[in-house]
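*Asks:* no sequence on this one, just coordinates:
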């Protein structure tokens, strides 16, 4: 068993990591760090998880000693601890944004402060296993993608790589409120969230540069992206409704087959009819569908923002980093209802 | 007091008509027709409404005798009774689709059977009062718009009229489940509806020809429309997220002001920041917002599908047909929460 | 038109007061006070309400000058301003708890600090109009009941007055999350509230002494009350499921008729079949039902916590204080859906 | 691997059985029966489950040949096929009500038709493993409890066995809508279910005789039960709020410890603070809490109606029947959010 540590254990992504780790045959959770809940035991923090009361949240990562560390922290936090973790021989899967954007200037513009660990940024691998499995296997530092990029890229990357797209690509995303995290706000206060659909992120959302750079990595200059996320009154799950502009000569009728062919051996990406969010809940699965509306193509992509869009994908990445099958500990089926 | 009859009183639009009529100072409800609930009294059908038990649902429209009839019936039903109602001197506001499409051939293609009252179709006025108030005032037969067209057209018609649009215009609509009506189905069965966002209506939705013909009426050939409605787990309300392609030379920065200028005296159309669905619940209000995403314009339009998208707008039309102020009986403010 | 001021205008009860006042024919809103939103105009605070931008929230009640003041503030705030308001000849309807408990010692125990306006506490009238209409008409200071006491007392008071009850009376209450107010908390954070039912208020809830004192006022020593409120994932509405222990000789079969007889002329209290929460939404209505389970009686009581449980009842009280019909400005019908 | 068949595979319980079986190391699903979906393959029925398209729903149980059959069918169906299944040496776990009530006269009264398999009714074991593990291990026919009885009995049985209870015991149950099954109805139509709390089951619910007989089996004559279930707008999960009347001399302060002592080695029953429904979602866990309200005890019990209240408990029973640890294939942790 490899030893795993979770930093940022008190947030929703941290909690989902702990949930999935409790069912993973290869990892043993040995340490957790939570600045907000330091000193509390895991049974106090998560009565729903089968951890012993001896596991108590640490206040800092200084004493972390494990084979792998999962980082589920706000922007700017990972880059403070990653150099030390790597120096101590600890593999890192970072669920935050610090190592997703290869260009530090784009990071600075997007997140409002300079990147302070450019050295390791250069070696970080973008952790979308369906695109980058080989590089992930060899990496010690994986940047787990954002939830919206995961859902969007699994639909768009194969089409962009094949030259089937030009801009604009409209991505109208609907996200459950857990995607907004544990921090309180009016838009996630139940009386104000439960009866509405809340568009946000205009004029620009931090996930757009991430999508652009990932598309450029697979197929050269990216089409223009018009991305508007909306909070919908569900807790878990993302549906991206994607309206691409096909390039001249694009063979739209073949897009569904092209997507299937792009993920021939993936146990997690499925192409079929209109997907439902519960199918993905708690899992690492992604459900894609290619349809048409008014003569134009529309793609639907469904994931669990905390699953394939976060903690489950982090475990998929870690599985590859440890040389295990991608689906180790992730053979979970989602819900019918 | 003018006498009002409601046909299709047992459905959600019928129920909302009855609710609004109970608060209207100009109309007295004198007859209701419901094939499915014939013989039941209104207090039995609607314990929430202040009607006397003497008001009992009729099985047919044959004996309807009123100053105005509101028809809230499925496609194909209105055209069976409208000729008779008009012959008896009864004004008609039809909340169904029978008289919305001026071209009977488009009707036949869209609804799968020929139009059987072409004579009156020719005189029917499309009942979007913000566009057609003068014609509505003079009409005896008004075709109340569909819910999605109402929300979309209030945002798009002024821009199309000004030549600011070319295609495609992507309309990603989110609707509460009451928009799907009272008929049971898997997509509106609570266990299957509550935790998901359900896109439907591909490859084409019946509201698209209606939007096209209404746009053509105000500004000539309509841009191509890519319209995808989604059921979201709220009961009432529509948010249309609209991604237009501006024409060459369009002045996108002036769109918000252009929308304000288009409805200078309307008590019901508001242009401002990001709208919330509850603001419109139970009312005739529409909230518009112009924003940008990734450098492209995005418009948001919010209504209550049963209010401005149905029963409240029907009363607004009737108010005009009787020479009353548009807001008579509709001075209702929506909810903060 | 009488001039009305609202103190605590920024909260949910304040917002609902403003919404209802905008539709009221007897009151004109002339001033609002909000410590948290002082300086903001009403259109900024409530884009859903038809108020002019000249109405700007004041920081304090010092300059309030109106015919009636509605106070929607946390415990302890009203007693600071009520003496001054009354001195200036302003009638007061207090939606908070400061004047609900006639015994200042009970207040101190319940709310954790002594009552500082015992003088006016002695003259305050408990504002449940179905029980106290005559005294309310003559009062200048009315204590609007809490939401749970309103729902419970309308079911229980007539039975207790008739000697039909002994203890214990179990009240299992289900409340929408707006009842918890605008303050953020984990239990009202959408991701944590939307998928659960959350019992709270054990071992004791502040509304229990209020129910006890109100029952004692109508029928002598109150039966023991076992009251457990639960947050359910709706926004508005309360259902109290009440399991009384009938006294020896109680005629349970006559309870429904007894409740009907208790409110013979009320336009707001209805006794019938199983009620639905939307029937009451946005209104001053209360729906009661008497049924049996396992041979024992069970009563159901439905109100809108912000309506009859708050702002609408406050207007009903004010109507009486101004000598108007109770239903003035409150002739609103709730929703079918 | 033991071969498993599922009868009633098209319902929610059937679907949850298939989901859990797909993750179970001891069972291989070899046959499914569904009268409503006969001829459809499992990937068509359940795109969320990893079954091969060769698995096609059979129309009848006649050709079922397996080591164990799980029956998830309406009342009256199981007793038609159980004799044949047992004759062919197939163990049976029946998730329906046919074999839960030991007295056939009570069955006839409760379900409205006589029991037609009294012979096997006599040998059936009530499948609440925390009470009956030894008998379940030796049985070939286990009657899986209803969802409400499971939640209620885990809280009440140890207290009743110890003589701590007398009547009445009020059980106010809140259930997600999946508990009402796949059949459409107004009370589960999303527009009518999403904004309300719906009490039902008065004057009596079929689960009451089941609770009574199970209590009698552990502790003699049962106290009177006042049971009222409510549909709440969540999909999965039950919260039972239980208000017992303690017997003379009952040691209420010791109830929490007594419950802990009753399930010393159970991996599934937990006694602690206020539980949340998501903790149990998709799992076989039950969370109990003992609190007090107004000086009286109140117990809370949370399960997933489709999990411990249905399919997961059925697998727990089957595990015992095959001599495996109870938690085989059920080591699933519920959700934080």
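*Replies:* Structure's in. What do you need? Note that the structure is a prediction, hence the values are computed from the model and not measured.

*Asks:* switch to C-alpha atoms for all contacts and neighbour counts from now on
*Replies:* Fine.

*Asks:* Can you tell me the closest non-neighbouring residue to the residue in chain A that chain C sits nearest to?
*Replies:* For chain A, the residue closest to chain C is residue A:190, as judged by CA to the nearest CA, at 4.3 Å. Nearest residue to residue A:190, sequence neighbours excluded (CA to CA, 6 or more residues apart in numbering or on different chains): residue C:190, at 4.3 Å.

*Asks:* for the residue of chain A closest to chain C, what are its contacts?
*Replies:* C:177, C:178, C:188, C:189, C:190, C:193, C:194, C:233, C:235 (CA atoms under 8 Å, 6 or more residues apart in numbering or on different chains).

*Asks:* Just the ones of the residues you listed in helices?
*Replies:* Filtering the contacts of residue A:190 for membership in helices, criterion DSSP state H, returns C:190, C:193.

*Asks:* ranking the contacts of residue A:190 by neighbours, who comes first?
*Replies:* The most crowded member of the contacts of residue A:190, judged by other CA atoms under 10 Å in any protein chain shown, is residue C:190 (32 neighbours).

*Asks:* How much space separates the residue of chain A closest to chain C from residue C:233?
*Replies:* Using CA to CA, to the nearest Å, we find residue A:190 at a distance of 8 Å from residue C:233.

*Asks:* And for residue A:104?
*Replies:* From residue A:104 to residue C:233 the distance is 43 Å (CA to CA).

*Asks:* what does residue A:304 give?
*Replies:* In terms of CA to CA, residue A:304 sits 21 Å off from residue C:233.

*Asks:* How about the contacts made by the closest residue to residue A:207 other than its chain neighbours?
*Replies:* Take residue A:207 and drop its neighbours on the chain: the residue closest to it by CA to CA, 6+ apart is residue A:149, 6.5 Å away. The contact partners of residue A:149, by CA under 8 Å, 6+ apart, come to A:207, A:208, A:210, A:211.

*Asks:* Okay, and the closest residue to chain B within the stretch 1-150 of chain A sits in which element?
*Replies:* Of all residues in the stretch 1-150 of chain A, residue A:110 sits closest to chain B, at 13.2 Å by CA to the nearest CA. Assigned by DSSP states H and E, residue A:110 belongs to helix A:104-111.

*Asks:* same deal with residue A:290?
*Replies:* strand A:286-293.

*Asks:* Next, give phi and psi for the residue of the stretch 201-337 of chain A found nearest chain D.
*Replies:* Closest contact between the stretch 201-337 of chain A and chain D, by CA to the nearest CA, is at residue A:279 (5.1 Å). The main-chain torsion angles of residue A:279 are listed as degrees, to the nearest 10 and equal phi -60, psi -30.

*Asks:* from what I can see it touches residue D:50, true?
*Replies:* No. At 11.4 Å, residue A:279 does not count as touching residue D:50 under the criterion of CA atoms under 8 Å.

*Asks:* Output the longest helix belonging to chain A.
*Replies:* helix A:147-161.

*Asks:* now that helix: how far from the chain's centre is it?
*Replies:* Distance of helix A:147-161 from its chain centroid, counting by CA atoms, centre = their mean, to the nearest Å, is 12 Å.

*Asks:* again with stretch A:146-166
*Replies:* Distance of stretch A:146-166 from the chain centroid (CA atoms, centre = their mean) equals 14 Å.

*Asks:* Only the buried residues of that stretch, if you could.
*Replies:* A:146-161, A:163-166 (16 or more other CA atoms under 10 Å in any protein chain shown).

*Asks:* Okay, the residue nearest to residue A:190 and residue A:181: tell me how far apart.
*Replies:* Taken as CA to CA, the span from residue C:190 to residue A:181 is 10 Å.

*Asks:* Report the set of residues contacting both of those two.
*Replies:* Contacts common to residue C:190 and residue A:181, judged by CA under 8 Å, 6+ apart, are absent.

*Asks:* returning to what we had before: packing partners for the strand holding residue A:290?
*Replies:* helix A:255-262, strand A:269-271, strand A:296-303, strand B:225-231 (3 or more CA pairs under 8 Å, 6 or more residues apart in numbering or on different chains; DSSP states H and E).

*Asks:* please redo it, this time with the cut-off set to 7 Å
*Replies:* Strand A:286-293 sits against strand A:269-271, strand A:296-303, strand B:225-231, with contacts defined as 3 or more CA pairs under 7 Å, 6 or more residues apart in numbering or on different chains; DSSP states H and E.
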